[in-house]
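Chemist: Fold the stuff below for me.
(2 chains)
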Protein chains: 2
Amino acid sequence: MKKTLFSFTLSLALSCATALPAAARTDAPFPAPATVSAEMARSVSAPAPDLWLTKERSPEAVSALAKNYAEGAGPAALALAEEYGVKVEEGELGGVRTYTLTPKKLEDDKADKVVFYIHGGGYILGHGVAGIGEGVLMAGLEGYKVVCVDYRMAPEHPYPAAIDDAFRAYKALLETTPAEKVIVFGTSTGGAMTLILGIQAARAGVPQPAALIAGTPWADLTKTGDSYVTMDGVDNILATYDGLIRTAAELYTGGADMKDPRLSPVYAEEAALAKFPPTLLVSGTRDLFLSNTVRMHEKLLLADRHAELIVYEALSHAQYYLNPKAPETKTHYRLLGKFLDRVLDD
Amino acid sequence: MKKTLFSFTLSLALSCATALPAAARTDAPFPAPATVSAEMARSVSAPAPDLWLTKERSPEAVSALAKNYAEGAGPAALALAEEYGVKVEEGELGGVRTYTLTPKKLEDDKADKVVFYIHGGGYILGHGVAGIGEGVLMAGLEGYKVVCVDYRMAPEHPYPAAIDDAFRAYKALLETTPAEKVIVFGTSTGGAMTLILGIQAARAGVPQPAALIAGTPWADLTKTGDSYVTMDGVDNILATYDGLIRTAAELYTGGADMKDPRLSPVYAEEAALAKFPPTLLVSGTRDLFLSNTVRMHEKLLLADRHAELIVYEALSHAQYYLNPKAPETKTHYRLLGKFLDRVLDD
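Modeler: The predicted structure is shown next:
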């Protein structure tokens, strides 16, 4: 059991044997503060993995890296599902491949609800079951049925393939599940795609889901925002914009305007934001995407939406779900559950 | 007019002609990101003022510094009140001196409400009208009647004089104003005292106010928490724990246990937190007290309270109100107003 969870954690730290960038702002990671658990302290004080630091820029190299990532993260996610007694079933929605995750016990008040989960990975990582880990924890810890969308990614399928797939699958889901029973959920690129789905629905007049949960969303694909600079070399997951993130942005957008709200939802027009359902945004005090998160939150507040924000003590990008052994991870899912209890009708 | 506002801003940057501490984490301030206004960029990119960097430790030196501070900030706050047409009247509540701030026009829906304002300043700064600036903006920009409590401070009056005064004044206010019409509001030390007042009320069975607004609260007087380290030398208001903040903590507590919840409310027992009214916490991405803020927020969420969090892009400690010319300051007060509209009964 320990081994399984450990490899899930490690899957994010895949080495890719490429040159590292010049020194980041700090030479050594900041120590973990006394305010995190001993288990989370191990994650918080670990050196940044090579993955997001890579300077590889060619489509071929990125594809190889994504294949390598999936070979580690896929089996780890399936082992995690087994660990939590979560059933994983392949299916499709609107022609897009999905994985439906069913918890061991589906409580009555959750039986009619579906979490539509959009994985992260910079529009380049997380193919197949390699993209379901965070959803597995939502099923395993909070007991929701989760439908994970396995959308097309760059470099093979640039913008707008990913968001087209996610929106198509969402619309297909609405044919069998009322929108007010659907929660859209994702972290990082998945957090951005969650927000973009809200924009797409608003513009197309498609019913909004009951709630959005956008964890540390990649809400601005350009290197704009305070924490891209202040947290460079402090965040020990993504580490810096100037490695794989920049490459991913370029390969995915392929020359499109990166400030288009369908790429960077922080630039969405207020008319679209005004139609958003209750939305939860999540970040951490060391998160390279802290600014992405809080800028989006402020936009939603100014559009008079029910928009909640949680910022976790000492955590880097997405670190709230990457170490399932840490008590902070269970607390995070408890808080997601409490948010949903607050905003969902029974 | 411009001069007035400028001196209000500058009052926070009072020089005190003492030795500076060793170099902080960064040698030069981080540049302002493109996500803030040109006016706020001036504040964001300014070097840290000498005030909080001072290594002076003696009670006499701190008293002199506080006197110097009040001589600058007091007239600036009165000028700001004049600028906004806010009437300032001295009075008392329960034997504690107060300043009542009345906006130019008191709208009907606000006529029965009182903002009970507790100023910041590390339990050492903000005597008399030097402590009313933030309250003046609440009256001037959001149109609330504000009662500012001029509590006793260290080094002359150490713990628990400050919180005793604030609580006594609050209880006296309840003799004329129903608790459900009272909002308790403060920043920094005032944010901590706002939270402590909630704890005092919970423990004493005194009615809670309708809402608490605790801006970047000094929720942990010990140097515990991530942002005390990660934001050291990044925050350009407080700059570091290891200057005047440490001195203030020591002079105020005078050997009392700094983890007592009446000193560090982040350690409050859940039984007290469970009685809190809707609470808004506010911070910034460069705030030395970001961890103080988010740790407190998480505690309240776990106690199933209505607890909201706003984190402003690129702002250091309390910077959301220190430059009244910046559009971000007006946005901040608009968001405070929206929060109150959400949680107050009409």
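Chemist: what about stretch A:261-273, distance to the chain center?
Modeler: 18 Å (C-alpha atoms, centre = their mean, to the nearest Å).
Chemist: again with stretch A:313-329
Modeler: On C-alpha atoms, centre = their mean, the centre of stretch A:313-329 falls 13 Å from that of its chain.
Chemist: Show me what counts as buried in that stretch.
Modeler: Of all the residues in stretch A:313-329, those buried under the rule 16 or more other C-beta atoms under 10 Å in any protein chain shown are A:313-326, A:328-329. C-beta: built from backbone N, CA, C; applies to glycine.
Chemist: can you list the residues of the stretch 201-346 of chain A near chain B?
Modeler: Neighbours of chain B within the stretch 201-346 of chain A, by C-beta under 8 Å from any C-beta of the partner chain: A:224-230, A:234, A:283, A:285-286, A:290-291, A:294-295, A:297-298, A:301-302, A:304, A:308-314, A:331, A:334-335, A:338.
Chemist: Kindly state the pLDDT recorded for the spatially closest residue to A:Arg152 that is not a sequence neighbour?
Modeler: Nearest in space to A:Arg152, with sequence neighbours left out and distances taken as C-beta to C-beta, 6 or more residues apart in numbering or on different chains, is A:Ala161 at 4.2 Å. We have a pLDDT of 98 for A:Ala161.
Chemist: which other helices and strands contact the helix or strand hosting A:Val88?
Modeler: In the assignment (DSSP states H and E), A:Val88 maps to strand A:87-93. The contact analysis (3 or more C-beta pairs under 8 Å, 6 or more residues apart in numbering or on different chains; DSSP states H and E) places strand A:87-93 against helix A:59-83, strand A:96-102, helix A:161-174.
Chemist: one more time with 6 Å
Modeler: Packing partners of strand A:87-93 (3 or more C-beta pairs under 6 Å, 6 or more residues apart in numbering or on different chains; DSSP states H and E): strand A:96-102, helix A:161-174.
Chemist: Of those, which is nearest A:Gly133?
Modeler: With C-beta to C-beta as the measure, strand A:96-102 is the member of these nearest A:Gly133 (10.4 Å).
Chemist: now that closest one against helix A:161-174, angle please.
Modeler: If you take axes from the mean of the first three to the mean of the last three C-alpha atoms, to 10 degrees, strand A:96-102 sits at 60 degrees to helix A:161-174.
Chemist: Give the pairing partners of the helix or strand just after strand A:96-102; include direction for each.
Modeler: As assigned by DSSP H and E, the chain's next helix or strand after strand A:96-102 is strand A:114-118. Applying DSSP bridges, strand A:114-118 is found paired with strand A:145-149 (parallel), strand A:182-187 (parallel).
Chemist: so can I have CSV of the ones you listed showing mean neighbour count and distance to B:Gln200?
Modeler: Listed next are these as CSV, based on neighbours: other C-beta atoms under 10 Å in any protein chain shown; distance: least, C-beta to C-beta, whole Å:
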stretch, mean neighbour count, distance to B:Gln200
strand A:145-149, 27, 44
strand A:182-187, 27, 39
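Chemist: Would you mind putting these into JSON lines with mean pLDDT alongside?
Modeler: Supplementary listing: the strands paired with strand A:114-118 in JSON lines, determined by pLDDT from 0 to 100:
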{"stretch": "strand A:145-149", "mean pLDDT": "98"}
{"stretch": "strand A:182-187", "mean pLDDT": "98"}
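Chemist: Which one, of those strands, ends up nearest to B:Ile132?
Modeler: Using C-beta to C-beta, the strands paired with strand A:114-118 put strand A:182-187 closest to B:Ile132, at 43.3 Å.
Chemist: residues making contact with that closest one?
Modeler: A:114-118, A:120, A:134, A:193-194, A:197, A:209-213, A:215, A:318 (C-beta atoms under 6 Å, 6 or more residues apart in numbering or on different chains).
Chemist: Good, we can wrap up now.
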